[in-house]
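**Student:** below is the sequence, then the predicted model.
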Amino acid sequence: MGAAYPTLDDILEEDMHHWYTKFMKESPSGLITLFELRTMLDMNGMTEEASSYVEQVFLTFDMDGDGYIDFVEYIAAISLLLKGEINQKLKWYFKLFDQDGNGKIDKEELETIFKAIQDITRSYDVPPEEIVTLIYEKIDVNGEGELTLEEFISGAHEHPDIMDMLGKMMDLTNVLEIILNGQPKRAIN
């Protein structure tokens, strides 16, 4: 006897054929487009920030930049999120936050992402402005209003409270569960 549902930690230990079959069932073409990802995540009625965040997630998972997530990229993304080392995750977070691709994260980029995450998770415990202010007060040692990858990683390591906050904010478990287990269930009003 075991649990009725496998834990997300068990995902990569399962037979690769199972995951390939599931991937092909969800996306018969063998490729997931941005439109299909938005459909999987049931993005109807989401804010512009939330939609932009999903697009940014898609772009970071589309490692070869061809506009599709193929099976290898799909497994790599799941592996990173579930089993990746903390520095790998921090590099991925940085790439996700750096929306304009200039190698630095400014306050506006970070605030936009945090607003989008809150819109998707529907968790509004702490205003994004407060989170961004806290991060920049502790990590932006030069006071430039921008963070480089090196500042971001070393700052996260030096401040466990920020590392914990990033881990909670960036927990994509619910997104992975939707992708892996099918459409989210809607509450009936």
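**Tutor:** That came through, no problem.
**Student:** which residues of this protein fall in strands?
**Tutor:** 31-32, 69-70, 104-106, 146-148 (DSSP state E).
**Student:** nearest to residue 52, out of these?
**Tutor:** Between residue 52 and the strands of the chain, the tightest spacing by Cβ to Cβ is seen for strand 104-106, at 15.0 Å. From N, CA and C alone the C-beta is placed, and that goes for glycine too.
**Student:** show me what that closest one is packed against.
**Tutor:** Where contact means 3 or more Cβ pairs under 8 Å, 6 or more residues apart in numbering; DSSP states H and E, strand 104-106 is packed against strand 146-148.
**Student:** what does the strand it packs on contact?
**Tutor:** For strand 146-148, contacts defined as Cβ atoms under 8 Å, 6 or more residues apart in numbering pick out 103, 104, 105, 106, 136, 139, 140, 155.
**Student:** could you do stretch 116-126 as well?
**Tutor:** Residues outside stretch 116-126 that contact it (Cβ under 8 Å, 6+ apart): 41, 46-47, 49-54, 128, 169-170, 174-175.
**Student:** using PDB, write out the CA atom coordinates for stretch 103-118.
**Tutor:** These are the backbone C-alpha positions of stretch 103-118, laid out as PDB (Å, rounded to 0.1, in the frame of the first residue of the first chain):
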ATOM      1  CA  GLY A 103      22.000  41.000 -17.000                       C
ATOM      2  CA  LYS A 104      20.500  43.100 -14.100                       C
ATOM      3  CA  ILE A 105      17.300  43.000 -12.200                       C
ATOM      4  CA  ASP A 106      15.800  46.400 -11.400                       C
ATOM      5  CA  LYS A 107      13.100  47.000  -8.800                       C
ATOM      6  CA  GLU A 108      10.300  47.300 -11.400                       C
ATOM      7  CA  GLU A 109      11.100  43.900 -12.900                       C
ATOM      8  CA  LEU A 110      11.100  42.300  -9.500                       C
ATOM      9  CA  GLU A 111       7.900  43.900  -8.400                       C
ATOM     10  CA  THR A 112       6.200  43.000 -11.700                       C
ATOM     11  CA  ILE A 113       7.100  39.300 -11.200                       C
ATOM     12  CA  PHE A 114       6.000  39.200  -7.600                       C
ATOM     13  CA  LYS A 115       2.700  40.800  -8.500                       C
ATOM     14  CA  ALA A 116       2.200  38.300 -11.200                       C
ATOM     15  CA  ILE A 117       3.000  35.400  -8.800                       C
ATOM     16  CA  GLN A 118       0.500  36.700  -6.300                       C
END
